[in-house]
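Peer 1: coordinates only, sequence not included:
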């Protein structure tokens, strides 16, 4: 039971990062350039999560072919979900209420993958779950900002915007608890395959969604590249620091 409460606590962090970013869009003055930099930093953090934490964990247990297959399956699952969302959105028009709800669905899917990652990581070790949660808090801040900014552009009232932003907690929490309970007693191979699957999800999300949205917000410059590199470096340092505090 203690493990479940620990996972529940960790699963609140991605939603908290998303909500904090949304409240920044509500109450602070921002700009397209700032959003471009923040999304590049978030993409750097996600790539660091994959390359510094998820893949090295899986490499120590899985054969290369299994790792590659699980990673490809995760990326394929993300593309399939994205295709379904785009088809639904195309049926209702991006400027209408259906378009607004498809934005909501896209973010809900992303936070569900965050919860899946945290639950899977916590099933491997409590320290890994903590490190992954810290990284997702940093990455979800700009996503929350972009989401609420989109709701504002579509004329959604402020009270409803705040309620929608708060509801994202449910998706990460549910996915984290479910994946933890399913994988807690599983073999090391199954748990590491799940990590590789999540790595595929996150990689496609960073390349296809975060960077694309950053480019739409504002044209890239050298600061954009520095933000990406800085995000990668920041998570690497946070990971090392948390592992040191937790005793490895």
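Peer 2: Perfect, thanks for sending it. Everything numeric here is computed off the predicted structure, so don't read it as measured data.

Peer 1: look up how far residue 118 lies from residue 176.
Peer 2: 5 Å (Cβ to Cβ, to the nearest Å). No exception for glycine: its C-beta is placed from N, CA and C like everyone else's.

Peer 1: where do the contact lists of those two overlap?
Peer 2: Common neighbours of residue 176 and residue 118 are listed as 7, 10-11 (criterion: Cβ atoms under 8 Å, 6 or more residues apart in numbering).

Peer 1: make sure residue 123 is actually in contact with residue 180.
Peer 2: Yes. Contact criterion Cβ atoms under 8 Å: residue 123 and residue 180 qualify, at 5.3 Å.

Peer 1: number of residues surrounding residue 73?
Peer 2: 15 (other Cβ atoms under 10 Å).

Peer 1: same thing with the one 4 residues further on?
Peer 2: Residue 77 has 16 neighbours, counted by other Cβ under 10 Å.

Peer 1: so for the helix or strand containing it, what gets flagged as buried?
Peer 2: Assessed by DSSP states H and E, residue 77 sits inside helix 64-92. For helix 64-92, burial by neighbour count (16 or more other Cβ atoms under 10 Å) applies to 67, 69-71, 74-75, 77-78, 81-82, 85, 89.

Peer 1: what segments of the protein are helices?
Peer 2: Using DSSP state H, the helices of the chain run over 2-27, 32-48, 55-59, 64-92, 97-124, 126-153, 158-167, 169-183, 188-204, 211-217, 222-245.

Peer 1: could these go into a markdown table alongside mean pLDDT?
Peer 2: Listed next are the helices of the chain as a markdown table, based on pLDDT from 0 to 100:
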| stretch | mean pLDDT |
| --- | --- |
| helix 2-27 | 89 |
| helix 32-48 | 86 |
| helix 55-59 | 90 |
| helix 64-92 | 83 |
| helix 97-124 | 78 |
| helix 126-153 | 83 |
| helix 158-167 | 89 |
| helix 169-183 | 92 |
| helix 188-204 | 91 |
| helix 211-217 | 81 |
| helix 222-245 | 87 |
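
Peer 1: alright, calling it a day.
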